[in-house]
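A.B. asks: need a structure here:
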Amino acid sequence: AWLLEFLADAHEYDQGIGPVAAMEYGAQRCSLDMDIYITDMIAALETYGFNHAVWAWFPEGYSQWGDEFLVRRSQDLNDHQDYTDTPLLRALAQSWSRNSLRPSNVTFVE
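C.D. replies: Sure thing, here's the model as predicted:
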């Protein structure tokens, strides 16, 4: 509920002036219940019909430092391994599975 209230001014802008997009949102991967936050944020953004893009940061040399926002890592900031299944990745995959439009030049691999 607080996310909807937080985004209410942007929704008012969207209705009166023009489209709104949340181009980068997220939190450090060690944040408590990050997957729930991302699920709730996406739901709030989509309730208002906003376009959105989660922040996935991949700086050069990220494997040993600067990976606090890397969605392929666990919540343990001392763990620098990539994983294919984390709570955050599952939350994002569930959201993305609802997408019905895809760029025509993208190949999806299973």
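
A.B. asks: And the strands in the protein?
C.D. replies: 21-25, 51-54 (DSSP state E).

A.B. asks: possible to save those strands as CSV with distance to Gln81, mean pLDDT and mean neighbour count?
C.D. replies: Any C-beta I mention is one placed from the backbone N, CA and C, and that applies to glycine too. Formatted as CSV, the strands of the chain follow (distance: least, Cβ to Cβ, whole Å; pLDDT from 0 to 100; neighbours: other Cβ atoms under 10 Å):
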stretch, distance to Gln81, mean pLDDT, mean neighbour count
strand 21-25, 25, 86, 13
strand 51-54, 21, 85, 14
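
A.B. asks: Could you dump these into TSV and include distance to Ala44?
C.D. replies: Below are the strands of the chain laid out as TSV (distance: least, Cβ to Cβ, whole Å):
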stretch	distance to Ala44
strand 21-25	9
strand 51-54	10
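
A.B. asks: residue boundaries of the helices in the protein?
C.D. replies: Ranges of helices within the chain are 2-6, 8-16, 34-47, 87-96, based on DSSP state H.

A.B. asks: Just name the most buried of these.
C.D. replies: helix 34-47 (a mean of 18; mean count of other Cβ atoms under 10 Å).

A.B. asks: circling back: and the helices of the chain: which comes nearest Leu77?
C.D. replies: For Leu77, the closest of the helices of the chain is helix 34-47, at 12.2 Å, according to Cβ to Cβ.

A.B. asks: Run through who's touching that closest one.
C.D. replies: Contact with helix 34-47 is made by 3-4, 6-7, 22, 25-28, 31, 52, 54, 75, 87-88, 90-92, 94-95, as judged by Cβ atoms under 8 Å, 6 or more residues apart in numbering.

A.B. asks: follow-up on the earlier one: is it possible to get the helices of the chain out as JSON lines so that each row also shows mean pLDDT and distance to Val71?
C.D. replies: Listed next are the helices of the chain as JSON lines, based on pLDDT from 0 to 100; distance: least, Cβ to Cβ, whole Å:
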{"stretch": "helix 2-6", "mean pLDDT": "94", "distance to Val71": "19"}
{"stretch": "helix 8-16", "mean pLDDT": "90", "distance to Val71": "24"}
{"stretch": "helix 34-47", "mean pLDDT": "94", "distance to Val71": "9"}
{"stretch": "helix 87-96", "mean pLDDT": "90", "distance to Val71": "5"}
